[in-house]
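Participant: show me the folded form of this:
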Amino acid sequence: MVFYFKARPDVGDYSIFMGLDKYENEELIKYGFPEDIWFHVDKMSSAHVYVRLQKGQTIDDISEGLLEDCAQLVKANSIQGNKVNNIDVVYTPWSNLKKTASMDVGQVGFYNPKMVRTVRVEKRINDIVNRLNRTKVERKPDLKAEREAVNAAERAERKQHLREKKRREELERLEKERQAELRSYKGLMVSEKMTSNKQIAATSKSLQELEDDFM
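Facilitator: Residues are numbered from 1 along each chain as shown. Predicted structure coming up:
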């Protein structure tokens, strides 16, 4: 089971989501999207919360309002973190999540700790948490199938770009050949190299003159 929430409307159309338990978290870690940003309460047990950014966006594009929604949601879904003030929430791109065979189910590390950011949450803001909970939807998505569908679409897009690139290159090659052919033709047609029929007639001997020479 995955729980989906809608971020505040003024920040844009963003989905925030989290797994029901550590087994769902494991699936979310495995089949995440490049646009996903992962959130967790630092040094405490909590839900794994994600926000899916728009295609082409990065962690630097997260607005203050969107960041606050994610941080409040992850705090509210931490048994220990929900009880205390002034906690830290860490967040990082999904691609920075590191999973090794020795880790427990739902446990995760980082490839690059420098890519992990921290936001301080002073206290729970019920207005934000309640607003998010009113948008809550439960789904049982096939995360693997969703990821594979995206991969297939991206492959098709890359192939289309490649076909278009090859077509442009072929058109450019043909145009270069045409231009080279035109330059060659123009070179043959330079006036200094051309001889008119009149010039040929003036410089050519008549049939009678050729016969006289022969004789």
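
Participant: roughly how far does the residue nearest to the spatial centre of the chain sit from S46?
Facilitator: For the chain, the residue nearest the mean C-alpha position is G56 (4.9 Å; C-alpha atoms, centre = their mean). Between G56 and S46 the computed distance is 29 Å (C-beta to C-beta, to the nearest Å). Glycine gets a C-beta too; all of them are placed from N, C-alpha and C.

Participant: also V116?
Facilitator: Noted for V116: a distance of 15 Å to S46, by C-beta to C-beta.

Participant: okay, the residue nearest to D36 when sequence neighbours are not counted: pLDDT?
Facilitator: Nearest residue to D36 in three dimensions, chain neighbours excluded: W94, at 3.8 Å (C-beta to C-beta, 6 or more residues apart in numbering). Listed pLDDT for W94 reads 96.

Participant: could you give the number of residues near W94?
Facilitator: By other C-beta atoms under 10 Å, 17 other residues sit near W94.

Participant: next, R168: secondary structure please.
Facilitator: R168 falls in the helix class when you classify it by DSSP: H, G, I helix; E, B strand; the rest coil.

Participant: still on that earlier bit, pLDDT at the residue nearest to the centre of the chain, what is it?
Facilitator: The per-residue pLDDT reported for G56 equals 91.

Participant: any idea how far it is from F3?
Facilitator: On the measure of C-beta to C-beta, G56 and F3 end up 26 Å apart.

Participant: before we move on, what about A71?
Facilitator: Counting by C-beta to C-beta - A71 and F3 are separated by 17 Å.

Participant: that's all I had, so thanks and see you.
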